[in-house]
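A.B. asks: got a sequence here, can you model it:
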Amino acid sequence: MVEPHLTAEPRVALESTVISHGLPYPRNLQLAQEMEAIIRAAGAIPRTVGIIAGKMIAGLTPAQVKHLAVAPNVRKVSRRDLPIVAARQQDGATTVATTMWIAQRAGIEVFATGGIGGIHRQTDTNKGTSSDVSADLQELAQTQVIVVCAGAKAILDLPATLEYLETHGVTVIGYGTDDFPAFYSRSSGLPVDVRCDSPADVADIWRAKQAMGLPGGLLVAVPVPAHDEIPAAEIEPTIAQAIAEATHQQLRSAEVTPFLLRRIAELSSERSLIANLSLLKNNAQVAAEIALVLAERSA
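C.D. replies: Next up is the predicted model:
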């Protein structure tokens with residue numbers, strides 16, 4: 001069981017779903033190692049989060065990271081799955097929501113990921129807003145962790161996702177941008193709540209939020225590096241085709257996102273994958289810089 005351990009160390013949490021379910025071996029292991037190396041090079045401490053034999057770990061060893069990269073039947077663990085993997089002593093890869101929950105219990109304030117989950121697009125226009133809502137959004141509303149991402153995944157209903165975050169009191173920061181990033185694309189055309197241009201700006205807002213006793217996290221949305229961006233006008237037809245195929249196959253719930261990301265990579269000749277890897281590494285760098293400022297102010 002992970003216990004809170006508050007220190008002035010500049011620690012950054014990393015998820016493990018991308019290791020076990022996001023990429024094939026050995027690319028998944030290489031990415032995990034590169035993200036940890038980026039954080040170390042910036043002067044911070046990486047803490048990859050995962051579950052080994054039912055034990056929640058905020059800081060997997062290199063051997064444990066490799067285990068999650070190669071082991072079969074590693075369970076994808078959201079909050080609802082935690083008691084199952086603990087009771088059955090299973091291995092688990094943590095989603096955004098579960099990584100946040102474990103990171104908070106371990107006293108880690110900053111978490112770097114790719115894109116958060118959100119509200120899925122409604123394929124039947126007569127039904128209104130989709131009821132498929134990611135647990136990531138609820139976790140952001142109640143768990144006190146700074147989440148550094150490239151916005152929500154572009155396959156989602158971004159306006160509805162931002163509306164949910166607003167309703168539940170989650171401040172959305174645009175890091176160096178006034179627009180909410182759209183994962184593969186640097187802008188969705190939707191505004192953020194506030195723009196921050198430095199790690200210190202983010203730290204100021206975070207400490208103010210904590211001083212007020214407000215619940216929930218802070219979402220720091222960082223645009224994908226310009227050289228790896230796929231403009232929205234180029235990627236949107238590909239996303240639409242992948243969604244249509246998923247609908248035709250009647251995929252449900254947890255099946256949808258992995259299928260869409262895999263199919264978009266195929267249809268884009270892996271341009272989307274290149275963008276995904278680029279933004280993950282960039283987010284690790286930004287998260288490390290924020291963690292360093294927070295640690296300096298806590299020392």
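
A.B. asks: count of residues packed around N73?
C.D. replies: 7 (other C-beta atoms under 10 Å). Bear in mind the C-beta positions are built from the backbone N, C-alpha and C, glycine included.

A.B. asks: before we move on, what SS does it have?
C.D. replies: coil (DSSP: H, G, I helix; E, B strand; the rest coil).

A.B. asks: and the closest residue in space to it that isn't next to it in sequence, its phi and psi?
C.D. replies: With C-beta to C-beta, 6 or more residues apart in numbering as the criterion, N73 has its nearest non-adjacent residue at 7.8 Å, and that residue is D91. Recorded main-chain torsions at D91 are phi -90, psi 140, according to degrees, to the nearest 10.

A.B. asks: quick one: contacts for D91?
C.D. replies: G50, I51, I52, A53, H67, L68, A71, N73, V74, R75, V85 (C-beta atoms under 8 Å, 6 or more residues apart in numbering).

A.B. asks: ok, these vs A295, which is closest?
C.D. replies: G50 (23.4 Å; C-beta to C-beta).

A.B. asks: give me the residues contacting the one helix or strand V148 maps to.
C.D. replies: Here V148 sits within strand 146-149, counting by DSSP states H and E. For strand 146-149, contacts defined as C-beta under 8 Å, 6+ apart pick out 96, 100, 109-116, 140, 175, 202, 206, 217-222, 283, 286-287, 290.

A.B. asks: how about that strand: buried residues?
C.D. replies: I146, V147, V148, C149 (16 or more other C-beta atoms under 10 Å).

A.B. asks: export these as JSON lines, with columns for distance to D157.
C.D. replies: Formatted as JSON lines, the buried residues of strand 146-149 follow (distance: C-beta to C-beta, whole Å):
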{"residue": "I146", "distance to D157": "24"}
{"residue": "V147", "distance to D157": "19"}
{"residue": "V148", "distance to D157": "22"}
{"residue": "C149", "distance to D157": "17"}
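
A.B. asks: any idea how far A58 is from C149?
C.D. replies: 19 Å (C-beta to C-beta, to the nearest Å).

A.B. asks: need the pLDDT of the nearest residue to V74 once chain neighbours are set aside.
C.D. replies: Leaving aside its sequence neighbours, V74 sits nearest to S20 (C-beta to C-beta, 6+ apart; 4.2 Å). Per-residue confidence (pLDDT) for S20: 95.

A.B. asks: do D132 as well
C.D. replies: Looking at D132, its pLDDT stands at 79.

A.B. asks: thought it was touching I119?
C.D. replies: Yes: counting by C-beta atoms under 8 Å, I119 is a contact partner of D132 at 6.9 Å.

A.B. asks: and the two? Which one has more around it.
C.D. replies: Comparing D132 with I119 by other C-beta under 10 Å, the one with more neighbours is I119, at 22 against 17.

A.B. asks: dump the residue contacts of that one.
C.D. replies: Residues near I119 by C-beta under 8 Å, 6+ apart: T129, S130, D132, V133, S134, L137, L156, D157, A160, T161, Y164.

A.B. asks: can you say which of those residues are buried?
C.D. replies: The neighbour-count test (16+ other C-beta under 10 Å) marks S130, D132, V133, S134, L137, L156, D157, A160, T161, Y164 as buried among the contacts of I119.

A.B. asks: among those residues, which are located in strands?
C.D. replies: Of those, none are assigned to strands by DSSP state E.

A.B. asks: which of these sits closest to A232?
C.D. replies: L156 (13.4 Å).

A.B. asks: quick one, what contacts the residue nearest to that closest one when sequence neighbours are not counted?
C.D. replies: Take L156 and drop its neighbours on the chain: the residue closest to it by C-beta to C-beta, 6+ apart is G118, 4.1 Å away. G118 makes contact with V133, S134, D136, L137, A152, K153, L156, D157, L158, A160, T161, Y164, according to C-beta under 8 Å, 6+ apart.
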